[in-house]
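Student: Provided below for reference: sequence and predicted model.
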Amino acid sequence: MPWNVSTAVYTNKSVYIGDKEVAPYSVTFSSDGTKMYIVGINSDRVWQYTLSTAWDVSTATYASKNKGISSQESAPRDIVFNSDGTIMYLVGDGYDKRVNQYTLSTAWDVSTATYANKSVSVQAQDSLPRGIVFNPTGTKMYMVGDNTDTVYQYTLSTAWDVSTATYASKSKSVSAQDTSPCDVDFSPTGTKMYIMGNANDTVYQYTLTTAWDVSTATYASKNSGNLSTQEGYPLGFAFSSDGTKMYIVGSDDDTVYQYTLVVSPTGIPTVTSTGPCTDRQSTTMTAVGNITNAGGAYTDRGFEYYEYGDNYDSEMYAVREKGDFTETGEFTMTINGLKPLTIYYIRAWAGNIYGIAYGEWYTCITTAVITGSYEIYEENNSEPDSDGTYAGGNTISFYVRKVGGKWSKKYGPYHSDQVDIAVADVMIEGTGKYQVKFESGVLTGISTQVMCKLDIKAR
């Protein structure tokens, strides 16, 4: 669940950044997740990336923007920004162990950063500063050090002005969890603190009984588990703004890896197969399902389908998507690779650790690959009662022909209790803008005993 690192699951999403920095120490993001920043001790530069999909690192590309910082720091370990992206802060242990402040003339654009001639030394607390973070108002700063394995708290008398920072005489040792801490972060409320260490390659979670007071922090007995499957030497981490995603970077793979902090499920979800399919074409269609109860959360959803006349057990196919889903309501997926003018049975499904739930089967039919103009002629096969109704049931038959051609054989009669015409023999069912469909005693969009023209488009 959000801000609970014990639920972290790798999402198979990553981005390689080793062509810019082979010793990355820090990763951070803009507030909307469309920009990512990397700093490391090899290039002594801050590198900026653009994410075409917010918070999805697999869509990150280098933005051709960077900032050299070697004049202030020769061994940068971490960077953070203020809330609106107009100020950047850098900490390292190369010179005199200072937090340096930069001004960005264009928010979130590191190429516009200039040194603000403002800094504060943290060497009195730890000679190996590794990670820094601020509270949302910029009145408190926190630093974790690798020499003392401790998080230190500072007070800024002027918000976001690091030169006004003074040690608040508040700290928290994290050595019981990791003896080589390298980064620190907080939840937005300041009631949770997180430490990542490369002694155990793990992110640890702490609870603060007084928000933003690091001296009240206690280990919450929650951690991410060992992350070395993805990165053998993790050095920096970050969260998405809503706490549902976590990112790590390290110097073994020079790659940013993405994790989902999943919501704990409470039971099997409830699923219905809404139907009918939409956007039906000759080899593809869009299936529609509905999640009426998420069961707390579900990690997989999709559709099963098989061709009319086949056996479900041996000829069943499926489309599937994975994620951390909590929403209810309709969802759709496109099914490809189908046969033209073929009936398919389809049903929706969703699952989590408690099991898989299925909706009911329904049928959908792909379209034919034909072009041209067609005519359809209907005839009513039943006589109405004296009151104008069809107590005995209404039946309709119809004929089809290409314009100028001969009329087809007679299709029907079809009774009013049939929702869809048995269209396996009807070449134009659903092949154009209009569907030949039987509902409530009439063919959709067509009056009885009339001739009308249908334009059938190739699909």
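Tutor: Yep, that arrived.

Student: In space, what's closest to residue 254 - neighbours in sequence excluded?
Tutor: residue 18 (3.1 Å; CB to CB, 6 or more residues apart in numbering). (C-beta placed from N, C-alpha, C; glycine too.)

Student: pretty sure the one you found is in a helix, no?
Tutor: No. With DSSP: H, G, I helix; E, B strand; the rest coil as the criterion, residue 18 is assigned coil and is not in a helix.

Student: low-scoring stretches of the stretch 301-450 of the chain, by residue?
Tutor: Within the stretch 301-450 of the chain, the stretches with pLDDT under 70 are 314-315, 324, 368-450.

Student: Apply 90 and report the result again.
Tutor: 307-328, 339-344, 352-355, 362-450 (pLDDT under 90).

Student: Equivalent analysis for the stretch 1-150 of the chain, please.
Tutor: Checking the stretch 1-150 of the chain against pLDDT under 90 turns up 1-2, 7, 9, 11-12, 94-96.

Student: I'd guessed residue 312 sits against residue 306; true?
Tutor: Yes. Between residue 312 and residue 306 there is a contact under CB atoms under 8 Å: 5.6 Å.

Student: neighbour count winner among those two?
Tutor: Comparing residue 312 with residue 306 by neighbour count (other CB atoms under 10 Å), the higher total belongs to residue 306, at 19 against 12.

Student: distance of the residue nearest to residue 254 from residue 252?
Tutor: Residue 18 sits 10 Å away from residue 252, going by CB to CB, to the nearest Å.

Student: One more: residue 201?
Tutor: For residue 201, the distance to residue 252 - CB to CB - is 10 Å.

Student: Mind listing the shared neighbours of those two?
Tutor: Common contacts of residue 201 and residue 252, defined by CB atoms under 8 Å, 6 or more residues apart in numbering, comprise 231-233.

Student: quick one: which of those is most hemmed in?
Tutor: Result: residue 231 is most packed of the shared contacts of residue 201 and residue 252 (other CB under 10 Å), 22 neighbours.

Student: what sits opposite the nearest residue to it once chain neighbours are set aside in the beta ladder?
Tutor: With sequence-adjacent residues excluded and distances taken as CB to CB, 6+ apart, residue 231 is closest to residue 250, at 3.9 Å. On the basis of DSSP bridges, residue 250 is bridged to residue 234.

Student: Now for residue 250: which residues touch it?
Tutor: With CB under 8 Å, 6+ apart, residue 250 has these contacts: 24, 198, 231-236.

Student: on that earlier part again, quickly list what's touching both of residue 312 and residue 306.
Tutor: Counting by CB under 8 Å, 6+ apart, the residues touching both residue 312 and residue 306 are residue 345.

Student: What is the burial count for the residue nearest to residue 68 when sequence neighbours are not counted?
Tutor: Spatial nearest neighbour of residue 68, chain neighbours left out: residue 45 (5.2 Å); criterion: CB to CB, 6+ apart. As a burial measure, residue 45 scores 18 neighbours (other CB under 10 Å).

Student: what's next to stretch 46-60, contact-wise?
Tutor: By CB under 8 Å, 6+ apart, stretch 46-60 touches 13-15, 17, 20-21, 29, 32-39, 61-63, 65-67, 69, 76, 79, 88, 90, 109-111, 113, 240, 245, 247, 256-258.

Student: run the last query once more with 7 Å
Tutor: 13-15, 17, 20-21, 32-39, 61-63, 65-67, 69, 79, 110, 240, 245, 247, 256, 258 (CB atoms under 7 Å, 6 or more residues apart in numbering).

Student: Now which of those would you call buried?
Tutor: Among those, those classed as buried by 16 or more other CB atoms under 10 Å are 13-15, 17, 20-21, 33-39, 62-63, 65-67, 69, 79, 110, 240, 245, 247, 256, 258.

Student: List the buried residues for stretch 201-212?
Tutor: In stretch 201-212, the ones that count as buried by 16+ other CB under 10 Å are 201-206, 208, 212.

Student: and what of stretch 339-350?
Tutor: Under 16+ other CB under 10 Å, the buried positions of stretch 339-350 are 341-350.

Student: Check stretch 188-198 too.
Tutor: 190-198.

Student: how far does that stretch stretch from start to finish?
Tutor: Using CA to CA, to the nearest Å, one end of stretch 188-198 lies 25 Å from the other.

Student: Check stretch 265-283 too.
Tutor: 36 Å.

Student: Repeat that for stretch 93-107.
Tutor: 27 Å.

Student: Name the residues that touch it?
Tutor: So stretch 93-107 is in contact with 72-75, 77, 84-91, 110, 112-116, 118-123, 127-129, 132, 162, going by CB under 7 Å, 6+ apart.

Student: Let's see that with 6 Å instead.
Tutor: 72-75, 84-86, 88-91, 112-116, 118-123, 127-129, 132, 162 (CB atoms under 6 Å, 6 or more residues apart in numbering).
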